[in-house]
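Enquirer: everything below, folded, please.
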Amino acid sequence: MSFLGSNIKVLRRKSGLTQTQLAEELGVQRTMISAYEDGRSEPRLTTLLTLSKIFDVSMDELTGWDIASKGRQFLQRERLKILTVTLDQDEQERISMVGKKASAGYLNGYADPEYMENLPNFRLPNLDGNKTYRAFEISGDSMLPLMPGTVVVGAYIESPMEIKNGKTYVLVTKNDGIVYKRVFNYIEERGKLFAVSDNQTYKPYDISIQDVMEIWEAKAFISSHFPDPTPSAPVSLEEIGKMILEIKSDIRKISDH
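Expert: Below is the predicted model:
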């Protein structure tokens with residue numbers, strides 16, 4: 001069981017659970033979770049069985065698989081169970097397009113190969129070929145200057161712990177549907193993500209990590225609306241005064257000639 005402590009810690013974080021939340025799931029004190037993760041104590045068999053169910057892993061994987069160092073292989077195995085992609089005739093991944101009208105159906109069909117095959121799909125150049133991408137049509141004006149109808153292309157994020165504070169993501173959620181926000185990671189502290197709109201008329205809000213089904217990091221966008229140029233800063237009275245003096249000086253030079 002030499003890997004058990006680190007495995008519990010890795011899987012807990014990947015699941016977006018705090019030590020307190022996991023302790024509540026197991027019916028133990030939070031300090032016991034800390035002891036498990038530090039290797040100062042080992043869970044009983046019944047607790048191990050419960051942990052394997054919570055993390056959706058086998059007992060062999062939980063106790064004998066070095067997830068901390070082989071995490072990429074472990075996550076790839078899990079990813080294949082839940083992420084459905086569309087391939088072209090050369091077995092290259094295509095970017096499936098989730099339009100505004102399809103967004104409600106996507107919440108139920110994102111893991112259904114037949115549903116995914118019926119979505120429009122395309123390819124884009126200059127994207128990292130080692131990632132899986134999906135395109136989502138955004139609605140509303142909460143992320144101006146991106147207008148409603150803009151298509152955001154996102155790269156699949158396997159774990160919420162990969163979220164980089166302040167970056168924009170498409171979140172597929174159980175309660176709020178598909179949302180595009182600037183995200184801050186407070187999973188360790190509160191088990192939540194903090195979603196912020198670029199349009200300041202919309203208030204930021206928390207999203208429980210348990211409510212999040214998929215995370216896509218924004219990598220590109222497609223829009224028929226060209227952004228307006230950034231307005232220049234207002235000219236101060238002092239600058240106006242300098243401009244008038246310069247004009248008068250030029251006029252004098254012209255008159256002298």
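Enquirer: mind listing what's buried in stretch 165-175?
Expert: Residues of stretch 165-175 classed as buried: 168-173 (neighbour count, 16 or more other C-beta atoms under 10 Å). For glycine as for every other residue, the C-beta is placed from the backbone atoms N, C-alpha and C.
Enquirer: helices of the stretch 1-150 of the chain, residue ranges please.
Expert: With helices called from DSSP state H, counting those that start in this stretch, the stretch 1-150 of the chain shows them at 4-14, 19-26, 30-38, 45-55, 59-64, 71-82, 103-109, 113-117.
Enquirer: just the buried residues of stretch 165-175: which are in strands?
Expert: Using DSSP state E, the subset of the buried residues of stretch 165-175 located in strands is 168-173.
Enquirer: neighbours of the closest residue to residue 34 other than its chain neighbours, how many?
Expert: What sits nearest to residue 34 in space, not counting adjacent residues and going by C-beta to C-beta, 6 or more residues apart in numbering, is residue 19, at 6.1 Å. By other C-beta atoms under 10 Å, the residues close to residue 19 number 19.
Enquirer: sec struct for the nearest residue to residue 169 once chain neighbours are set aside, please.
Expert: Excluding its sequence neighbours, the residue lying closest to residue 169 (C-beta to C-beta, 6+ apart) is residue 183, at 4.8 Å. For residue 183, the assignment made with DSSP: H, G, I helix; E, B strand; the rest coil gives strand.
Enquirer: from residue 40, how far off is residue 183?
Expert: Using C-beta to C-beta, to the nearest Å, residue 183 is found at 34 Å from residue 40.
Enquirer: look at those two and report which has more neighbours.
Expert: Neighbours were counted for residue 183 and for residue 40 using other C-beta under 10 Å; residue 183 has more, 26 against 11.
Enquirer: residue contacts, the more buried one?
Expert: Listed by C-beta atoms under 8 Å, 6 or more residues apart in numbering, the contact set of residue 183 reads 163, 165-169, 171, 193-196.
Enquirer: circling back: any chance of the buried residues of stretch 165-175 in a markdown table, plus distance to residue 126 and pLDDT?
Expert: Formatted as a markdown table, those follow (distance: C-beta to C-beta, whole Å; pLDDT from 0 to 100):
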| residue | distance to residue 126 | pLDDT |
| --- | --- | --- |
| 168 | 19 | 96 |
| 169 | 20 | 97 |
| 170 | 20 | 97 |
| 171 | 25 | 96 |
| 172 | 25 | 93 |
| 173 | 29 | 92 |
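Enquirer: nearest to residue 119, of these?
Expert: Using C-beta to C-beta, residue 172 comes nearest to residue 119 of these, at 13.8 Å.
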